[in-house]
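>>> Sharing a model prediction with you, sequence too.
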Amino acid sequence: EAGVAQSPRYKIIEKRQSVAFWCNPISGHATLYWYQQILGQGPKLLIQFQNNGVVDDSQLPKDRFSAERLKGVDSTLKIQPAKLEDSAVYLCASSHGTSGSYNEQFFGPGTRLTVL
Amino acid sequence: GNSVTQMEGPVTLSEEAFLTINCTYTATGYPSLFWYVQYPGEGLQLLLKATKADDKGSNKGFEATYRKETTSFHLEKGSVQVSDSAVYFCALTRTGGGNKLTFGTGTQLKVEL
């Protein structure tokens, strides 16, 4: 079974530029998550989708971050414009569902963003 | 709110030494508790989990017991190997919290020959 795919693996941009990350979850997984992991910290949930609907985006800085999962499969996370403090690893994860034995989250390798 | 506190690293051990990484949590209700591992250059992987008090999660020689009375979920292994070198994250999900993971800051483990 293929794992969670993410691209690009690395990205370097200057502040005020735009950037987009892509995630393809494990086939059949209805729930998709984007986490931000700043160096030296644990991952923090930015947004959670159930199919193509948003379940939780309470920690997403909506003035500059946006995410979509239009067809309920792959997802894109965008930052526009980027700030220095957005330098982090952006992790995508997916799970079958959110309860019982279907709630295990599988993580992709992440995209490391550096904002100069 | 929910939070996880784990011991700071790096932890450096000799091969075959005993490992303990401390983790304590604050949460409402009855959370599920997890340990994730991140090997160099790889994504996070679930190592073990426990969903109710007194449950013991185990995998690959690692164990952790859900202690509600001390709000702890310490990770242990009797004999570490060089291949166990990685960053270990303690995490929780809250019942009714939609499966959102709250992570600790991670503990780096280095095992030397």
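It's in.

>>> The residue of chain A found nearest chain B and B:Thr105: what is the separation?
Nearest residue of chain A to chain B: A:Gly42, at 3.0 Å (CB to the nearest CB). Using the backbone N, CA and C atoms, a C-beta is placed for each residue, glycine as well. A:Gly42 is 5 Å from B:Thr105, where distance means CB to CB, to the nearest Å.

>>> Which residue comes closest to the residue nearest the centre of chain A once chain neighbours are left out?
Centroid-nearest residue in chain A, with CA atoms, centre = their mean: A:Trp34, separated by 2.7 Å. Nearest non-adjacent residue to A:Trp34, counting by CB to CB, 6 or more residues apart in numbering or on different chains: A:Leu46, 4.6 Å away.

>>> What of A:Tyr33?
A:Ala93 (4.4 Å).

>>> Close to chain B: what parts of chain A are there?
A:3-4, A:31, A:33, A:35, A:40-45, A:48, A:55-56, A:91, A:93, A:95, A:97-99, A:103-110 (CB under 8 Å from any CB of the partner chain).

>>> run the last query once more with 10 Å
A:3-4, A:6, A:9, A:31, A:33, A:35, A:37, A:40-45, A:48, A:50, A:55-56, A:58-59, A:89, A:91-93, A:95, A:97-110 (CB under 10 Å from any CB of the partner chain).

>>> Just the residues you listed: which are in strands?
Of the positions in those, A:6, A:31, A:33, A:35, A:37, A:44-45, A:48, A:50, A:55-56, A:89, A:91-93, A:95, A:106-107 sit in strands, assigned by DSSP state E.

>>> Buried ones among these?
Taking 16 or more other CB atoms under 10 Å in any protein chain shown as the criterion, what is buried in those is A:6, A:31, A:33, A:35, A:37, A:44-45, A:48, A:50, A:55-56, A:89, A:91-93, A:95, A:106-107.

>>> ok, the residue nearest to A:Trp34 - contacts?
For A:Leu46, the contact set (CB atoms under 10 Å, 6 or more residues apart in numbering or on different chains) comprises A:33-36, A:56-61, A:65, A:67, A:77, A:90-91.

>>> now it: how far from A:Asp57?
Using CB to CB, A:Leu46 is found at 7 Å from A:Asp57.

>>> What does the pLDDT read for the closest residue to chain A within chain B?
Closest approach between chain B and chain A, counting by CB to the nearest CB: B:Phe103, at 3.0 Å. At B:Phe103, the model reports a pLDDT of 96.

>>> which residue sits closest to A:Arg16, ignoring its sequence neighbours?
Closest to A:Arg16 by CB to CB, 6+ apart is A:Pro81, at 4.3 Å.

>>> Check for me that that neighbour belongs to a strand.
No. Checked against DSSP: H, G, I helix; E, B strand; the rest coil, A:Pro81 lies outside a strand; its state is coil.

>>> tell me the contacts of the nearest residue to B:Ser83 once chain neighbours are set aside?
Of all residues not flanking B:Ser83 in the chain, B:Val111 sits nearest, at 7.9 Å (CB to CB, 6+ apart). Listed by CB under 10 Å, 6+ apart, the contact set of B:Val111 reads B:11-17, B:19, B:80-86.
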